[in-house]
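Colleague: Let's see this in three dimensions:
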Amino acid sequence: MKKINIGNSGLLASEISLGIMRMNALTHEEATVVIRTAVDNGIDYFDHADIYGRGTSEEIFGEAFKELGIARDSVMLQTKCGIVPGVMFDFSKEHIIASVEGSLKRLQTDYVDALLLHRPDTLMEPEEVAEAFDALHKAGKVRHFGVSNQNPMQIELLKKAVTQPLLINQLQLSLTHAPMIDAGFNVNMMNNPSFMHYGSVLEYSRISDMTIQPWSPFQAGNGKKGLFFDHPDYPELNEKINTIAEDKGVSREAIAIAWLLRHPAKMQPIVGSMNPERIAAICKASDVALSRTEWYDLYKAAGKMLP
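Modeller: Here you go, the predicted structure:
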């Protein structure tokens with residue numbers, strides 16, 4: 001699998017990451033197969049969060065990873081913190097440090113390669129976040145930092161205080177949910193796609209050398225439930241995906257991921273499948289080269305209109 005430079009850090013990782021949110025539904029044996037399959041197919045970056053499965057996703061991964069005997073320095077582990085489910089968001093120094101300590105224990109590791117702040121906390125004090133980052137970095141418990149679901153001004157506010165580079169922004173993005181791309185096409189327009197829900201975060205990320213990690217890359221857009229594959233609202237998109245997939249000899253999931261990888265922003269999609277066969281099929285996206293015409297054809301087939 002091709003590698004991607006995370007931010008401008010020199011940290012080289014697989015251009016596809018495996019998200020562990022649903023690992024809490026697996027047995028120990030199933031988890032070992034998932035991890036082994038991912039590694040065998042070139043994935044070396046695993047995305048976690050303290051709240052996934054209320055911590056059990058990290059626990060199951062930690063136990064399975066230990067049993068597999070994979071060298072810790074051959075993979076990168078990323079976790080996220082800052083959400084107290086159903087209660088609040090918490091970027092306090094105490095919460096950040098406690099969350100990382102919990103993740104390290106569950107993952108059975110001395111450090112994580114990256115820590116992301118999961119969702120914006122409007123009560124955030126940048127100086128307090130900086131204190132937490134400094135303490136974790138100095139102790140060797142976190143090597144790199146980033147954010148998730150944040151807009152450019154929220155990131156700039158953090159940058160006022162934190163001394164470590166913010167390398168990553170994890171954002172929802174797919175063929176059917178692409179407002180950050182839609183707005184870029186519809187500059188100086190008055191239609192709905194022109195609304196900048198993200199504050200030019202796509203362009204900001206490229207200027208700032210931040211890696212976008214698209215999450216839910218197969219999710220149906222516009223509040224629709226389920227995946228866009230075989231969804232009755234996306235017949236043209238499914239026909240186009242299937243045609244290109246057949247032509248290139250890969251799965252439809254691989255084409256959807258290849259569409260994200262084709263963007264020059266050099267994104268690192270996070271796939272959340274816990275199906276070993278599907279993971280192996282998705283990884284073939286790294287070998288797919290979509291043409292400019294194919295990229296635009298897929299975008300338009302998703303119901304998007306160019307101005």
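
Colleague: Other residues contacting stretch 85-101?
Modeller: Identification of contacts with stretch 85-101 by C-beta atoms under 8 Å, 6 or more residues apart in numbering yields 50-51, 54, 79, 81-84, 112, 115, 117-125, 128-129, 131-133, 135-136, 141-142. Heads up, the C-betas are built off the backbone N, CA and C, glycines and all.

Colleague: So which of these belong to helices?
Modeller: Using DSSP state H, the members of the contacts of stretch 85-101 that fall within helices are 128-129, 131-133, 135-136.

Colleague: Whichever of those residues end up buried, select them in PyMOL.
Modeller: Selecting the buried subset of the ones in helices among the contacts of stretch 85-101 in PyMOL, with 16 or more other C-beta atoms under 10 Å as the burial test, is done by:
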select buried, resi 128+129+131+132+133+136
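
Colleague: Out of the ones in helices among the contacts of stretch 85-101, the closest to residue 104 would be?
Modeller: The closest of the ones in helices among the contacts of stretch 85-101 to residue 104 turns out to be residue 136 (C-beta to C-beta; 9.9 Å).

Colleague: Now the closest one. Nearest residue, chain neighbours left out?
Modeller: Closest residue to residue 136 apart from its sequence neighbours, by C-beta to C-beta, 6 or more residues apart in numbering: residue 142 at 4.2 Å.

Colleague: buried sites along stretch 170-188?
Modeller: 170-183, 186.

Colleague: May I have stretch 223-230 as PDB, with CA atoms only?
Modeller: Listed next in PDB are the C-alpha coordinates belonging to stretch 223-230 (Å, rounded to 0.1, in the frame of the first residue of the first chain):
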ATOM      1  CA  GLY A 223     -29.300  12.700   6.600                       C
ATOM      2  CA  LYS A 224     -30.100   9.500   4.900                       C
ATOM      3  CA  LYS A 225     -29.700   6.300   6.800                       C
ATOM      4  CA  GLY A 226     -27.300   3.500   5.800                       C
ATOM      5  CA  LEU A 227     -24.700   3.400   3.000                       C
ATOM      6  CA  PHE A 228     -25.000   4.800  -0.500                       C
ATOM      7  CA  PHE A 229     -24.300   1.400  -2.000                       C
ATOM      8  CA  ASP A 230     -27.600   0.000  -3.400                       C
END
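
Colleague: Give the buried residues for that stretch.
Modeller: For stretch 223-230, by 16+ other C-beta under 10 Å, it's 227-229.

Colleague: Between all of the ones in helices among the contacts of stretch 85-101, which two are separated the most?
Modeller: 128 and 136 (12.9 Å).

Colleague: which residues of this structure fall in strands?
Modeller: 3-6, 11-14, 17-19, 45-47, 76-81, 83-84, 88-89, 114-117, 145-148, 166-172, 211-215, 270-271 (DSSP state E).
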